[in-house]
Structures are given as structure tokens and as C-alpha cells.
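1. here is my input; please provide its structure:
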Amino acid sequence: MTKIAVLADDLIWATRLTDLISKAGAERVPARTLDHLQRSLLDVDGVVVDLTARAYDGIEAIRVARTARRSVLAVGQHDDVEQRREALEAGAVFAPYRRLVDGRSRLVDEWLMGSVLAAAFGQ
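-> Residues are numbered from 1 along each chain as shown. Just a heads-up that it's a prediction; the model follows:
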């Protein structure tokens, strides 16, 4: 089964994001800190990063995950253009919160499929 680390320090978003990963058919690996994420990178196929955290730097988390060659889905405010640009430049796919709040998982499903394929081909 595909394993996805979910880095989020906000309880509401941690719950929403891990639920979306479960609904998409993957095993979720919750993480609250960058250290916890780093320890889980050997055991996961991809990473979801909540960019509006206080306990870690979301852009740094993307860089750490990409250095480990993991696919990253970054989620954040739709109107924070600078943060979106930084996330994309760091190698993440970006999704605004508003595309995830109603429980729709098509975007997550598509990203997850890309993560599975990337892992299978060692990318």
C-alpha cells in the first residue's frame, strides 16, 4: 500500500488532510514537525505539507522531501501568491485549501497516482 506522510501542525488541517489521503486509498503517516517528517521519509512514497504551519517552515519541508526524492503536495492559502510560487519552485504541486475543504479528493487522487508512478520508476 502507498504511504503518504502528512506534515501539519494544525489539528483541523491535519485531520482533514489525513482523511483525504485515507479516502484516496493510501496509508497516512501523520507528522507534526520537520524532524518527524525526516524520520519518516524512508518509509513513505510522498508527502503532503500544510504551508501555514507555525512549528516548521513549509518551504524547507518541501526541500527536504524533494531531496529525498519524494513527491510533494503543498496546501495553503489561495491568495498567498508568494508562498505558492516558493512551493512550486521548491518542487511541490500546490493546492489551495478551498479545493480540499469539501472533501473532494480528485486532486489528491491525481497527485497520489503521480506519486505512485514516480516511486515505481525511482524518480
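2. what segments of the chain are strands?
-> For the chain, the strands defined by DSSP state E occupy 3-7, 27-31, 46-50, 71-76, 93-96.
3. make TSV out of these and add mean neighbour count and mean pLDDT.
-> In this view, the C-beta of every residue, glycine as well, is placed from N, C-alpha and C. Conversion of those to TSV gives the following (neighbours: other Cβ atoms under 10 Å; pLDDT from 0 to 100):
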stretch	mean neighbour count	mean pLDDT
strand 3-7	26	96
strand 27-31	19	95
strand 46-50	27	96
strand 71-76	25	95
strand 93-96	18	91
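4. redo these as JSON lines? Include distance to residue 40.
-> Output for these, formatted as JSON lines (distance: least, Cβ to Cβ, whole Å):
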{"stretch": "strand 3-7", "distance to residue 40": "5"}
{"stretch": "strand 27-31", "distance to residue 40": "5"}
{"stretch": "strand 46-50", "distance to residue 40": "9"}
{"stretch": "strand 71-76", "distance to residue 40": "13"}
{"stretch": "strand 93-96", "distance to residue 40": "19"}
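5. those strands: which one's closest to residue 13?
-> strand 46-50 (5.1 Å; Cβ to Cβ).
6. off-centre distance for that closest one?
-> Between the centre of strand 46-50 and the centre of its host chain there is 1 Å, according to Cα atoms, centre = their mean, to the nearest Å.
7. export it to PDB, keeping only CA atoms.
-> Only the C-alpha atoms of strand 46-50 are listed here, as PDB (Å, rounded to 0.1, in the frame of the first residue of the first chain):
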ATOM      1  CA  GLY A  46       5.000  11.000  -1.000                       C
ATOM      2  CA  VAL A  47       4.400  13.900   1.400                       C
ATOM      3  CA  VAL A  48       1.600  16.400   1.900                       C
ATOM      4  CA  VAL A  49       2.800  19.700   3.500                       C
ATOM      5  CA  ASP A  50       0.500  22.300   5.100                       C
END
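8. now do that strand: which elements does it pack against?
-> strand 3-7, helix 11-23, helix 58-67, strand 71-76, helix 106-120 (3 or more Cβ pairs under 8 Å, 6 or more residues apart in numbering; DSSP states H and E).
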